[in-house]
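Chemist: sequence isn't available, so here's the structure alone:
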Ligand code: RNT
Ligand code: ZN
(Lines give C-alpha, C1' and ligand atoms only; values in the text may rest on other atoms or scores of the structure.)
(Ligands and ions follow the chains in the order given, each with its own letter.)
Protein backbone atom coordinates (compact mmCIF):
# COMPACT_ATOMS: atom_id res chain seq x y z
CA UNK A 1 0.00 0.00 0.00
CA UNK A 2 1.53 3.31 -1.10
CA UNK A 3 0.47 6.29 0.91
CA UNK A 4 2.24 9.40 -0.21
CA UNK A 5 1.51 11.56 2.75
CA UNK A 6 2.53 8.78 5.08
CA UNK A 7 5.74 8.15 3.12
CA UNK A 8 6.63 11.82 3.36
CA UNK A 9 5.86 11.94 7.07
CA UNK A 10 7.96 8.84 7.57
CA UNK A 11 10.90 10.59 5.99
CA UNK A 12 10.43 13.73 8.06
CA UNK A 13 10.28 11.73 11.29
CA UNK A 14 13.23 9.55 10.33
CA UNK A 15 15.36 12.71 10.30
CA UNK A 16 14.76 13.10 14.02
CA UNK A 17 15.42 9.43 14.66
CA UNK A 18 11.83 8.17 14.73
CA UNK A 19 10.82 5.07 12.81
CA UNK A 20 7.12 5.59 12.11
CA UNK A 21 6.57 1.94 11.11
CA UNK A 22 7.74 0.92 14.58
CA UNK A 23 5.54 3.60 16.11
CA UNK A 24 2.50 2.22 14.28
CA UNK A 25 3.33 -1.27 15.53
CA UNK A 26 3.62 -0.07 19.12
CA UNK A 27 0.44 1.98 18.94
CA UNK A 28 -1.45 -1.03 17.54
CA UNK A 29 -0.63 -2.91 20.73
CA UNK A 30 -1.86 -0.21 23.10
CA UNK A 31 -5.08 -1.46 24.60
CA UNK A 32 -7.44 1.03 26.22
CA UNK A 33 -10.28 -0.03 28.46
CA UNK A 34 -13.37 1.74 27.15
CA UNK A 35 -16.00 2.47 29.81
CA UNK A 36 -19.41 1.04 28.98
CA UNK A 37 -21.21 3.72 31.00
CA UNK A 38 -20.99 6.55 28.44
CA UNK A 39 -23.70 4.71 26.51
CA UNK A 40 -26.48 5.10 29.07
CA UNK A 41 -25.44 7.95 31.38
CA UNK A 42 -24.21 5.52 34.07
CA UNK A 43 -27.67 4.08 34.69
CA UNK A 44 -27.02 0.35 34.41
CA UNK A 45 -29.71 -2.29 34.33
CA UNK A 46 -30.15 -3.42 37.92
CA UNK A 47 -31.83 -0.49 39.59
CA UNK A 48 -34.41 2.21 39.08
CA UNK A 49 -32.89 4.42 41.73
CA UNK A 50 -31.05 6.74 39.33
CA UNK A 51 -27.44 7.86 39.49
CA UNK A 52 -26.18 8.71 42.96
CA UNK A 53 -22.85 8.89 44.72
CA UNK A 54 -21.83 12.49 44.04
CA UNK A 55 -21.47 11.99 40.30
CA UNK A 56 -23.78 13.32 37.64
CA UNK A 57 -24.37 12.93 33.92
CA UNK A 58 -25.94 16.11 32.58
CA UNK A 59 -27.87 16.46 29.33
CA UNK A 60 -30.65 14.61 27.58
CA UNK A 61 -29.42 13.80 24.09
CA UNK A 62 -31.64 11.40 22.18
CA UNK A 63 -30.97 7.70 21.92
CA UNK A 64 -29.64 6.56 25.29
CA UNK A 65 -29.19 2.78 25.41
CA UNK A 66 -31.97 1.33 27.56
CA UNK A 67 -31.27 -2.38 27.37
CA UNK A 68 -28.20 -4.64 27.24
CA UNK A 69 -28.83 -5.26 23.54
CA UNK A 70 -29.01 -1.55 22.75
CA UNK A 71 -25.85 -0.87 24.72
CA UNK A 72 -24.02 -3.70 22.97
CA UNK A 73 -25.15 -2.45 19.58
CA UNK A 74 -23.88 1.05 20.42
CA UNK A 75 -20.56 -0.27 21.70
CA UNK A 76 -20.13 -2.19 18.46
CA UNK A 77 -20.77 0.99 16.50
CA UNK A 78 -18.23 2.91 18.56
CA UNK A 79 -15.55 0.23 18.27
CA UNK A 80 -16.07 0.13 14.50
CA UNK A 81 -14.80 3.72 14.40
CA UNK A 82 -11.91 3.32 16.84
CA UNK A 83 -8.66 1.85 15.51
CA UNK A 84 -7.18 -1.21 17.24
CA UNK A 85 -8.36 -3.88 19.68
CA UNK A 86 -9.38 -2.73 23.13
CA UNK A 87 -11.08 -3.81 26.31
CA UNK A 88 -14.54 -3.05 27.57
CA UNK A 89 -14.92 -1.79 31.12
CA UNK A 90 -18.12 -2.94 32.85
CA UNK A 91 -19.76 -1.98 36.13
CA UNK A 92 -21.61 -4.44 38.34
CA UNK A 93 -24.85 -2.51 37.75
CA UNK A 94 -24.73 -3.75 34.13
CA UNK A 95 -25.61 -7.29 35.22
CA UNK A 96 -28.07 -8.93 32.85
CA UNK A 97 -30.96 -10.77 34.52
CA UNK A 98 -33.17 -12.96 32.38
CA UNK A 99 -36.99 -12.93 32.48
CA UNK A 100 -37.54 -10.04 34.82
CA UNK A 101 -35.40 -11.67 37.52
CA UNK A 102 -33.31 -9.64 39.92
CA UNK A 103 -30.38 -10.40 42.19
CA UNK A 104 -29.10 -7.86 44.66
CA UNK A 105 -25.51 -6.66 44.43
CA UNK A 106 -24.22 -8.75 47.33
CA UNK A 107 -25.29 -11.97 45.63
CA UNK A 108 -24.18 -11.31 42.05
CA UNK A 109 -22.64 -14.27 40.26
CA UNK A 110 -20.62 -14.78 37.11
CA UNK A 111 -23.70 -16.09 35.33
CA UNK A 112 -25.24 -12.62 35.48
CA UNK A 113 -22.47 -11.45 33.19
CA UNK A 114 -22.44 -14.35 30.78
CA UNK A 115 -24.06 -12.27 28.07
CA UNK A 116 -21.14 -9.81 28.32
CA UNK A 117 -18.60 -12.62 28.19
CA UNK A 118 -20.26 -14.01 25.07
CA UNK A 119 -20.23 -10.53 23.57
CA UNK A 120 -16.54 -10.06 24.38
CA UNK A 121 -15.52 -13.53 23.19
CA UNK A 122 -17.18 -13.07 19.83
CA UNK A 123 -15.26 -9.86 19.27
CA UNK A 124 -11.95 -10.85 20.83
CA UNK A 125 -12.26 -8.15 23.48
CA UNK A 126 -11.03 -8.27 27.06
CA UNK A 127 -13.27 -7.24 29.95
CA UNK A 128 -12.52 -5.13 33.01
CA UNK A 129 -14.83 -4.72 35.97
CA UNK A 130 -16.01 -2.36 38.71
CA UNK A 131 -18.09 -3.12 41.76
CA UNK A 132 -20.92 -0.55 41.89
CA UNK A 133 -21.04 1.10 45.30
CA UNK A 134 -23.58 3.75 44.23
CA UNK A 135 -27.07 4.08 42.72
CA UNK A 136 -28.54 1.70 45.28
CA UNK A 137 -30.88 2.07 48.29
CA UNK A 138 -28.05 0.91 50.57
CA UNK A 139 -25.67 3.54 49.21
CA UNK A 140 -26.74 6.48 51.28
CA UNK A 141 -23.71 8.51 52.21
CA UNK A 142 -21.47 5.71 53.42
CA UNK A 143 -20.98 2.20 51.98
CA UNK A 144 -17.75 0.34 52.82
CA UNK A 145 -17.09 2.95 55.50
CA UNK A 146 -20.54 2.73 57.04
CA UNK A 147 -20.98 2.38 60.78
CA UNK A 148 -24.05 0.26 60.17
CA UNK A 149 -22.68 -3.26 60.13
CA UNK A 150 -25.53 -4.53 57.99
CA UNK A 151 -24.79 -1.95 55.31
CA UNK A 152 -21.02 -2.37 55.53
CA UNK A 153 -21.38 -6.16 55.39
CA UNK A 154 -23.62 -5.89 52.33
CA UNK A 155 -21.00 -3.90 50.44
CA UNK A 156 -18.14 -6.15 51.55
CA UNK A 157 -20.09 -9.09 50.15
CA UNK A 158 -20.56 -7.09 46.95
CA UNK A 159 -16.82 -6.53 46.68
CA UNK A 160 -16.12 -10.21 47.17
CA UNK A 161 -18.75 -11.20 44.61
CA UNK A 162 -17.10 -8.84 42.13
CA UNK A 163 -13.71 -10.47 42.65
CA UNK A 164 -15.26 -13.77 41.61
CA UNK A 165 -16.83 -12.16 38.55
CA UNK A 166 -13.52 -10.55 37.61
CA UNK A 167 -11.79 -13.91 37.89
CA UNK A 168 -14.45 -15.40 35.66
CA UNK A 169 -13.82 -12.69 33.03
CA UNK A 170 -10.08 -13.31 33.12
CA UNK A 171 -10.50 -17.06 32.88
CA UNK A 172 -13.03 -17.00 30.06
CA UNK A 173 -11.21 -14.39 28.01
CA UNK A 174 -7.65 -15.59 28.74
CA UNK A 175 -6.42 -12.18 29.79
CA UNK A 176 -6.20 -10.34 33.10
CA UNK A 177 -9.21 -8.41 34.34
CA UNK A 178 -8.69 -5.06 36.08
CA UNK A 179 -11.13 -4.63 38.97
CA UNK A 180 -11.39 -1.06 40.18
CA UNK A 181 -12.82 -0.12 43.55
CA UNK A 182 -14.24 3.36 43.92
CA UNK A 183 -16.62 4.33 46.70
CA UNK A 184 -18.56 7.59 46.83
CA UNK A 185 -18.45 7.74 50.64
CA UNK A 186 -18.24 11.22 52.03
CA UNK A 187 -20.01 14.06 53.79
CA UNK A 188 -21.59 17.31 52.71
CA UNK A 189 -20.55 19.20 55.79
CA UNK A 190 -17.56 19.22 58.08
CA UNK A 191 -17.23 15.85 59.81
CA UNK A 192 -16.84 15.56 63.55
CA UNK A 193 -14.74 12.47 63.00
CA UNK A 194 -12.77 11.90 59.84
CA UNK A 195 -10.80 8.93 61.08
CA UNK A 196 -13.43 6.40 62.11
CA UNK A 197 -15.04 6.02 58.64
CA UNK A 198 -11.58 5.74 57.10
CA UNK A 199 -10.61 2.98 59.50
CA UNK A 200 -13.82 1.16 58.64
CA UNK A 201 -13.08 1.56 54.91
CA UNK A 202 -9.65 0.07 55.54
CA UNK A 203 -11.16 -2.86 57.40
CA UNK A 204 -13.71 -3.43 54.62
CA UNK A 205 -11.02 -3.44 51.94
CA UNK A 206 -9.01 -5.94 54.01
CA UNK A 207 -12.10 -8.12 54.26
CA UNK A 208 -12.78 -7.97 50.52
CA UNK A 209 -9.18 -8.76 49.65
CA UNK A 210 -9.10 -11.66 52.14
CA UNK A 211 -11.26 -13.50 49.63
CA UNK A 212 -8.81 -15.77 47.80
CA UNK A 213 -8.34 -14.69 44.18
CA UNK A 214 -5.73 -15.23 41.51
CA UNK A 215 -3.52 -12.14 41.54
CA UNK A 216 -2.15 -12.95 38.10
CA UNK A 217 -5.66 -12.90 36.68
CA UNK A 218 -7.25 -10.04 38.60
CA UNK A 219 -5.53 -6.69 39.10
CA UNK A 220 -7.35 -4.88 41.87
CA UNK A 221 -7.19 -1.07 41.76
CA UNK A 222 -8.27 1.56 44.25
CA UNK A 223 -9.44 4.96 42.95
CA UNK A 224 -9.19 8.04 45.13
CA UNK A 225 -11.22 11.23 44.98
CA UNK A 226 -11.30 14.72 46.40
CA UNK A 227 -15.04 15.45 46.58
CA UNK A 228 -18.42 14.66 45.06
CA UNK A 229 -21.59 16.69 44.51
CA UNK A 230 -23.39 16.89 47.85
CA UNK A 231 -20.29 15.43 49.50
CA UNK A 232 -18.16 18.53 49.36
CA UNK A 233 -16.49 18.54 52.76
CA UNK A 234 -15.10 15.06 53.15
CA UNK A 235 -14.19 12.09 50.99
CA UNK A 236 -13.35 8.88 52.84
CA UNK A 237 -11.25 7.48 49.98
CA UNK A 238 -8.99 10.50 49.63
CA UNK A 239 -5.71 10.53 47.69
CA UNK A 240 -3.61 9.90 50.79
CA UNK A 241 -5.87 7.11 52.01
CA UNK A 242 -5.93 5.28 48.69
CA UNK A 243 -2.25 5.72 47.96
CA UNK A 244 -1.21 4.40 51.34
CA UNK A 245 -3.67 1.56 51.23
CA UNK A 246 -2.66 0.48 47.73
CA UNK A 247 0.99 0.57 48.67
CA UNK A 248 0.49 -1.47 51.82
CA UNK A 249 -1.91 -4.01 50.35
CA UNK A 250 0.06 -4.47 47.14
CA UNK A 251 -2.79 -3.41 44.88
CA UNK A 252 -2.81 -0.86 42.06
CA UNK A 253 -3.51 2.85 42.70
CA UNK A 254 -5.85 4.49 40.19
CA UNK A 255 -5.83 8.20 39.36
CA UNK A 256 -8.74 9.96 37.66
CA UNK A 257 -8.14 13.43 36.16
CA UNK A 258 -11.27 14.77 37.84
CA UNK A 259 -10.32 13.72 41.34
CA UNK A 260 -7.79 16.34 42.38
CA UNK A 261 -7.76 20.05 43.09
CA UNK A 262 -8.13 22.08 39.87
CA UNK A 263 -4.45 23.00 39.48
CA UNK A 264 -3.15 19.52 40.23
CA UNK A 265 -2.38 17.44 37.17
CA UNK A 266 -2.34 13.69 36.93
CA UNK A 267 0.39 13.90 34.28
CA UNK A 268 2.78 15.22 36.91
CA UNK A 269 1.88 12.45 39.36
CA UNK A 270 2.63 9.51 37.06
CA UNK A 271 6.41 9.52 37.50
CA UNK A 272 6.15 9.71 41.29
CA UNK A 273 3.86 6.73 41.25
CA UNK A 274 6.08 4.78 38.87
CA UNK A 275 8.94 5.27 41.31
CA UNK A 276 7.06 3.20 43.90
CA UNK A 277 4.56 0.97 42.13
CA UNK A 278 5.06 -1.75 39.58
CA UNK A 279 1.71 -0.91 37.98
CA UNK A 280 -0.57 2.11 38.16
CA UNK A 281 -3.95 2.78 36.55
CA UNK A 282 -5.62 5.83 35.03
CA UNK A 283 -9.14 7.00 34.39
CA UNK A 284 -8.62 9.43 31.57
CA UNK A 285 -11.28 12.10 31.59
CA UNK A 286 -11.58 15.87 31.40
CA UNK A 287 -12.52 17.90 34.41
CA UNK A 288 -14.00 21.28 33.57
CA UNK A 289 -13.95 23.21 36.85
CA UNK A 290 -14.98 20.09 38.76
CA UNK A 291 -15.15 16.32 38.25
CA UNK A 292 -17.44 16.99 35.32
CA UNK A 293 -16.42 14.00 33.19
CA UNK A 294 -16.38 15.86 29.89
CA UNK A 295 -15.26 13.98 26.78
CA UNK A 296 -11.49 13.61 26.51
CA UNK A 297 -9.88 16.06 24.09
CA UNK A 298 -6.53 16.04 22.34
CA UNK A 299 -5.44 18.68 24.80
CA UNK A 300 -2.28 19.56 26.69
CA UNK A 301 -3.02 17.40 29.71
CA UNK A 302 -3.94 14.31 27.69
CA UNK A 303 -0.79 14.72 25.60
CA UNK A 304 1.35 15.27 28.68
CA UNK A 305 -0.13 12.18 30.31
CA UNK A 306 0.68 10.09 27.24
CA UNK A 307 4.18 11.53 27.13
CA UNK A 308 4.80 10.61 30.76
CA UNK A 309 3.78 7.03 30.01
CA UNK A 310 5.71 6.67 26.76
CA UNK A 311 8.87 8.61 27.61
CA UNK A 312 9.20 6.62 30.82
CA UNK A 313 8.85 3.36 28.92
CA UNK A 314 5.81 2.50 30.96
CA UNK A 315 3.23 1.43 28.39
CA UNK A 316 3.18 -2.01 30.02
CA UNK A 317 2.97 -0.58 33.54
CA UNK A 318 0.19 1.95 33.17
CA UNK A 319 -3.32 0.57 32.80
CA UNK A 320 -5.25 3.02 30.67
CA UNK A 321 -9.02 3.38 30.87
CA UNK A 322 -11.46 6.11 29.88
CA UNK A 323 -14.11 7.47 32.25
CA UNK A 324 -16.52 10.22 31.21
CA UNK A 325 -20.23 10.56 30.65
CA UNK A 326 -21.60 13.41 28.61
CA UNK A 327 -25.33 13.12 27.96
CA UNK A 328 -25.45 16.34 25.97
CA UNK A 329 -23.99 15.00 22.74
CA UNK A 330 -24.33 11.83 20.71
CA UNK A 331 -23.01 9.14 23.05
CA UNK A 332 -21.37 7.05 20.34
CA UNK A 333 -19.52 10.12 19.11
CA UNK A 334 -18.48 10.81 22.71
CA UNK A 335 -16.86 7.38 22.94
CA UNK A 336 -15.18 7.71 19.57
CA UNK A 337 -13.84 11.22 20.18
CA UNK A 338 -12.37 10.34 23.58
CA UNK A 339 -10.85 7.02 22.63
CA UNK A 340 -9.32 8.36 19.43
CA UNK A 341 -7.92 11.31 21.33
CA UNK A 342 -6.23 9.07 23.89
CA UNK A 343 -4.72 7.11 21.00
CA UNK A 344 -3.66 10.29 19.21
CA UNK A 345 -1.99 11.54 22.37
CA UNK A 346 -0.08 8.27 22.65
CA UNK A 347 0.87 8.54 18.99
CA UNK A 348 2.11 12.06 19.60
CA UNK A 349 4.28 10.80 22.46
CA UNK A 350 5.64 7.93 20.37
CA UNK A 351 6.58 10.41 17.64
CA UNK A 352 8.81 12.40 19.98
CA UNK A 353 12.50 11.60 20.29
CA UNK A 354 12.32 11.17 24.06
CA UNK A 355 16.00 10.37 24.50
CA UNK A 356 17.09 13.47 22.61
CA UNK A 357 14.76 15.64 24.67
CA UNK A 358 15.92 14.06 27.93
CA UNK A 359 19.52 14.61 26.96
CA UNK A 360 18.84 18.31 26.37
CA UNK A 361 17.35 18.57 29.85
CA UNK A 362 20.22 16.68 31.47
CA UNK A 363 22.85 18.95 29.98
CA UNK A 364 20.86 22.06 30.82
CA UNK A 365 19.95 22.89 27.23
CA UNK A 366 16.60 24.33 28.12
CA UNK A 367 16.49 26.90 25.33
CA UNK A 368 17.07 24.22 22.72
CA UNK A 369 14.56 21.96 24.45
CA UNK A 370 11.83 24.59 24.25
CA UNK A 371 12.72 25.51 20.68
CA UNK A 372 12.75 21.89 19.48
CA UNK A 373 9.62 20.92 21.36
CA UNK A 374 7.70 23.82 19.86
CA UNK A 375 8.82 22.83 16.35
CA UNK A 376 7.69 19.26 17.00
CA UNK A 377 4.16 20.53 17.51
CA UNK A 378 3.73 21.14 13.78
CA UNK A 379 5.32 17.91 12.56
CA UNK A 380 2.97 15.82 10.36
CA UNK A 381 1.41 13.66 13.07
CA UNK A 382 -1.94 13.79 11.24
CA UNK A 383 -0.52 11.90 8.27
CA UNK A 384 0.73 9.11 10.51
CA UNK A 385 -2.60 9.04 12.32
CA UNK A 386 -4.52 8.72 9.05
CA UNK A 387 -2.28 5.88 7.98
CA UNK A 388 -2.87 4.20 11.34
CA UNK A 389 -6.63 4.46 10.75
CA UNK A 390 -6.21 3.10 7.23
CA UNK A 391 -4.25 0.01 8.26
CA UNK A 392 -6.80 -0.62 11.01
CA UNK A 393 -9.70 -0.34 8.58
CA UNK A 394 -11.50 2.46 10.32
CA UNK A 395 -12.54 5.80 8.83
CA UNK A 396 -10.06 8.67 8.98
CA UNK A 397 -11.24 12.18 9.87
CA UNK A 398 -14.60 11.61 8.22
CA UNK A 399 -16.10 9.13 10.70
CA UNK A 400 -18.88 11.45 11.85
CA UNK A 401 -21.10 10.64 8.86
CA UNK A 402 -21.30 7.07 10.15
CA UNK A 403 -22.50 8.26 13.53
CA UNK A 404 -25.06 10.54 11.93
CA UNK A 405 -26.41 7.69 9.87
CA UNK A 406 -26.61 5.50 12.97
CA UNK A 407 -28.40 8.29 14.84
CA UNK A 408 -31.00 8.58 12.09
CA UNK A 409 -31.50 4.88 11.58
CA UNK A 410 -31.14 3.50 15.09
CA UNK A 411 -31.01 6.07 17.87
CA UNK A 412 -33.97 8.15 16.66
CA UNK A 413 -36.21 5.09 16.86
CA UNK A 414 -35.59 4.59 20.57
C1 LIG B 1 -16.40 8.68 40.09
C2 LIG B 1 -15.30 7.83 39.59
C3 LIG B 1 -15.69 6.49 39.07
C4 LIG B 1 -16.95 6.53 38.22
C5 LIG B 1 -17.27 5.23 37.52
C6 LIG B 1 -18.66 5.21 37.00
O7 LIG B 1 -16.03 9.97 40.36
O8 LIG B 1 -14.56 8.51 38.62
O9 LIG B 1 -14.64 5.92 38.40
O10 LIG B 1 -16.89 7.54 37.27
O11 LIG B 1 -17.01 4.19 38.35
ZN1 ZN C 1 -13.05 7.44 37.58
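Modeler: Sure, I can see it. Please read these numbers as outputs of a predicted model, since none were measured by experiment. Ligands and ions are numbered 1, 2, ... in the order given.
Chemist: residue 131: how many residues sit nearby?
Modeler: 27 (other Cβ atoms under 10 Å). Using the backbone N, CA and C atoms, a C-beta is placed for each residue, glycine as well.
Chemist: repeat for the one 3 residues further on
Modeler: With neighbours defined by other Cβ under 10 Å, the count for residue 134 comes to 23.
Chemist: distance check, it against ligand 1.
Modeler: Distance, residue 134 to ligand 1, by Cβ to the nearest ligand atom, to the nearest Å: 8 Å.
Chemist: quick check: nearest residue in space to that residue, chain neighbours excluded?
Modeler: Excluding the flanking residues, the one nearest residue 134 by Cβ to Cβ, 6 or more residues apart in numbering is residue 53, at 2.8 Å.
Chemist: and this structure, which of its residues are near ligand 2?
Modeler: 256, 283, 323 (Cβ under 5 Å from the ion).
Chemist: need the residues you listed in TSV with neighbour count and distance to ligand 1, can you?
Modeler: Converted to TSV, the residues of the chain next to ligand 2 look like this (neighbours: other Cβ atoms under 10 Å; distance: Cβ to the nearest ligand atom, whole Å):
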residue	neighbour count	distance to ligand 1
256	24	4
283	25	5
323	29	5
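Chemist: return the subset of the residues you listed lying in strands.
Modeler: 256, 283 (DSSP state E).
Chemist: coming back round to it: could you list every residue that touches the residue nearest to residue 134?
Modeler: For residue 53, the contacting residues are 133-135, 139, 184, 228, by Cβ atoms under 8 Å, 6 or more residues apart in numbering.
Chemist: what of residue 356?
Modeler: So residue 356 contacts 16-17, 372 (Cβ under 8 Å, 6+ apart).
Chemist: of these - the most surrounded one?
Modeler: Tallying neighbours with other Cβ under 10 Å puts residue 372 at the head of the contacts of residue 356, with 16 neighbours.
Chemist: for residue 59, which non-adjacent residue is closest in space?
Modeler: Among residues not flanking residue 59 along the chain, residue 328 sits closest, at 3.0 Å (Cβ to Cβ, 6+ apart).
Chemist: could you give the number of residues near that neighbour?
Modeler: 13.
Chemist: where does it land in three-state SS?
Modeler: Classification of residue 328 using DSSP: H, G, I helix; E, B strand; the rest coil returns coil.
Chemist: how about whichever residue of the stretch 101-250 of the chain sits closest to ligand 2, phi and psi?
Modeler: The minimum distance from the stretch 101-250 of the chain to ligand 2, using Cβ to the ion, falls at residue 223 (5.5 Å). With angles defined as degrees, to the nearest 10, residue 223 sits at phi -100, psi 130.
Chemist: that one is in contact with residue 254, isn't it?
Modeler: Yes - assessed by Cβ atoms under 8 Å, residue 223 is found in contact with residue 254 at 4.1 Å.
Chemist: now for the longest helix along the chain, which elements pack on it?
Modeler: Secondary structure of the chain per DSSP state H: the longest helix is helix 149-173. Counting contacts by 3 or more Cβ pairs under 8 Å, 6 or more residues apart in numbering; DSSP states H and E, helix 149-173 is packed against helix 114-123, strand 126-130, strand 177-181, helix 195-209, strand 218-223.
Chemist: ok, residues contacting the third one?
Modeler: By Cβ under 8 Å, 6+ apart, the surrounding residues in contact with strand 177-181 are 33, 89, 126-131, 133, 159, 162-163, 166-167, 169-170, 205, 208, 217-223, 252, 254, 281, 319, 321.
Chemist: can we see that at 7 Å?
Modeler: 33, 127-131, 159, 162-163, 166, 169-170, 217-223, 254, 281, 319 (Cβ atoms under 7 Å, 6 or more residues apart in numbering).
Chemist: please apply the same query to the longest one.
Modeler: In this structure, residues lying in contact with helix 195-209 by Cβ under 7 Å, 6+ apart are 142, 144-147, 152, 155-156, 159-160, 163, 185, 220, 236-237, 241, 245, 249.
Chemist: if any of these are buried, put those into a PyMOL selection.
Modeler: The following PyMOL line selects those of the contacts of helix 195-209 that are buried, judged by 16 or more other Cβ atoms under 10 Å:
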select buried, resi 142+144+145+146+152+155+156+159+160+163+185+220+236+237+241+245
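Chemist: that older thread, mind listing the shared neighbours of residue 223 and residue 254?
Modeler: 180, 283.
Chemist: tell me where the model's unsure across the protein.
Modeler: By pLDDT under 70, the weakly predicted segments of the chain are 1-3.
Chemist: which residues of it lie near ligand 1?
Modeler: For the chain, the residues in contact with ligand 1 (Cβ under 6 Å from any ligand atom) are 37, 42, 55, 130, 182, 223, 225, 256, 283, 291, 323.
Chemist: most neighbours, which of the residues you listed?
Modeler: Result: residue 323 is most packed of the residues of the chain next to ligand 1 (other Cβ under 10 Å), 29 neighbours.
Chemist: quick one, what contacts that one?
Modeler: 35, 256, 283-285, 293 are the contacts of residue 323 under Cβ under 7 Å, 6+ apart.
Chemist: same check, this time on residue 48
Modeler: Per Cβ under 7 Å, 6+ apart, neighbours of residue 48: none.
Chemist: just confirm it is within a strand.
Modeler: No - assigned with three-state DSSP, residue 48 falls outside any strand and is coil.
Chemist: just read off the phi/psi values of it.
Modeler: Note on residue 48: its backbone torsions stand at phi -100, psi 0 [degrees, to the nearest 10].
Chemist: so it versus ligand 1, what's the distance?
Modeler: Distance, residue 48 to ligand 1, using Cβ to the nearest ligand atom: 18 Å.
Chemist: try residue 19
Modeler: 37 Å.
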